[in-house]
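Asks: no sequence for this one, just the structure:
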Ligand code: PEP
Ligand code: MN
C-alpha cells in the first residue's frame with residue numbers, strides 16, 4: 001500500500017488549506033440547516049468564541065425516506081448568507097454528483113458522508129473539484145478502505161482532503177457508534193492527511209463530548225466536529241446528540 005498517494009504525498013494541514021491560524025480546529029453547527037435564525041444563533045456563538053468553521057446539512061442522508069430530508073437549495077442559500085455575513089468557513093454534505101456545482105458556489109467544504117464513503121462515482125467527481133473535501137469514514141469500513149476512498153479523491157487531482165473518524169459499528173450500544181482512536185493514531189502516523197473526530201455522530205449523546213474532545217485533542221487529532229443547535233429538543237434531525245449553545249461554549253472553553 002505504501003505507493004499510494006495518501007501515504008507518499010505531503011498534504012496541507014486544515015489551517016493551511018484556508019490560510020488561517022488554528023491550533024485545533026472546531027467545526028460546529030446543527031445537523032440540519034433549518035432556518036436563517038437557527039444558523040445565525042450558532043454563527044454568533046462561533047464568532048464570539050473564535051471558532052472558524054460552521055457546519056449544517058442541506059441534503060440529509062436519512063435512514064428513513066419519511067423523515068426530514070433537509071432544505072436542499074434553500075438550506076445552501078442560508079449557509080451561504082451566514083458564511084459571508086460572519087466570515088466563517090462552511091461545511092455541508094454532498095450526496096449527488098449533480099449537486100457539486102451548486103455546492104462549490106454556496107459552501108467552502110464538501111462533506112462526503114459515512115454512507116457514501118464508497119460511492120466511487122461521487123468520490124471521482126469531488127476529486128475533480130478544487131473545493132476541499134471532508135471525507136467521513138464509512139461506519140462499516142476498515143482504515144484501509146477509508147484511505148483507499150481518500151485515494152480516489154487525491155488520485156483524481158484534489159489534494160485538499162480532510163479525513164473524519166465518525167465511529168464504526170460494534171456490539172457496544174451505549175454510544176451510537178464506537179469512536180476508533182486507533183484509526184486516528186494510524187492515520188496520523190502513516191500519512192500527512194489532516195484527520196478530525198466527529199464526536200456527535202460517534203457518540204450519539206452529549207454528556208461525554210467534553211471528555212472525548214480532550215482525549216482526541218491530546219493525541220494530536222487536527223480537530224473535532226460537533227453538532228450544535230439553539231434548541232436541540234426541537235431539532236428536525238439528531239436531537240439527542242446536539243449540544244445547546246451553553247454546552248457548545250463550555251466545550252470550546254475547555255479546549256482552549
Ligand atoms: C452528518 O455529518 O450530517 C452526517 C450525516 O454524518 P455521518 O455521515 O457521519 O453519519
Ligand atoms: Mn447529524
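Replies: All right, it came through fine. Fair warning: this is a prediction, and the values are worked out from it, not measured in the lab. Residues are numbered from 1 along each chain as shown. Ligands and ions are numbered 1, 2, ... in the order given.
Asks: which residues touch the residue lying closest to residue 95 once chain neighbours are set aside?
Replies: Spatially, and ignoring its direct neighbours in sequence, residue 95 is nearest to residue 59 (4.8 Å; C-beta to C-beta, 6 or more residues apart in numbering). (Glycine included, C-beta is placed from N, CA and C.) Residues counted as contacts of residue 59 (C-beta atoms under 8 Å, 6 or more residues apart in numbering) are 69, 70, 72, 75, 92, 93, 94, 95, 96, 99.
Asks: Are we agreed that residue 59 is in a helix?
Replies: No. Using DSSP: H, G, I helix; E, B strand; the rest coil, the assignment for residue 59 is coil, not a helix.
Asks: follow-up on the earlier one: turn the contacts of residue 59 into CSV, including secondary structure and pLDDT.
Replies: Output for the contacts of residue 59, formatted as CSV (DSSP: H, G, I helix; E, B strand; the rest coil; pLDDT from 0 to 100):
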residue, secondary structure, pLDDT
69, coil, 97
70, coil, 97
72, coil, 97
75, helix, 98
92, strand, 98
93, strand, 98
94, coil, 98
95, coil, 97
96, coil, 97
99, helix, 98
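Asks: Going by distance to residue 165, which of those residues wins?
Replies: Distance to residue 165, by C-beta to C-beta, is smallest for residue 93 among these, at 16.6 Å.
Asks: Okay, and the beta partners of the closest one?
Replies: Beta bridges link residue 93 to residue 111 when assigned by DSSP bridges.
Asks: ok, now which ones touch the closest residue to ligand 1 within the stretch 1-150 of the chain?
Replies: Scanning the stretch 1-150 of the chain for the residue nearest ligand 1 gives residue 113, at 3.0 Å (criterion: C-beta to the nearest ligand atom). The contact partners of residue 113, by C-beta under 8 Å, 6+ apart, come to 61, 93, 95, 136.
Asks: can we see that at 10 Å?
Replies: 57, 59-61, 93-95, 119, 122, 134-136, 138-139, 164, 166, 201 (C-beta atoms under 10 Å, 6 or more residues apart in numbering).
Asks: interface residues of this protein facing ligand 2?
Replies: Proximity of the chain to ligand 2, by C-beta under 5 Å from the ion, involves residues 31, 238.
Asks: Would you map the helices across the chain?
Replies: Assigned by DSSP state H, the helices in the chain fall at 5-8, 14-18, 36-48, 73-86, 100-106, 120-127, 143-155, 181-190, 199-203, 209-218, 245-255.
Asks: what about those, which gets the closest to residue 234?
Replies: helix 36-48 (9.4 Å).
Asks: now for the closest one, which elements pack on it?
Replies: Counting contacts by 3 or more C-beta pairs under 10 Å, 6 or more residues apart in numbering; DSSP states H and E, helix 36-48 packs against strand 25-29, strand 53-55, helix 73-86, helix 245-255.
Asks: avg pLDDT for it?
Replies: Mean per-residue pLDDT for helix 36-48: 98.
Asks: list the contacts for the closest residue to residue 170 other than its chain neighbours?
Replies: Excluding its sequence neighbours, the residue lying closest to residue 170 (C-beta to C-beta, 6+ apart) is residue 178, at 4.3 Å. Residues in contact with residue 178 (C-beta under 10 Å, 6+ apart) are 139, 167, 168, 169, 170, 171, 172, 202, 203.
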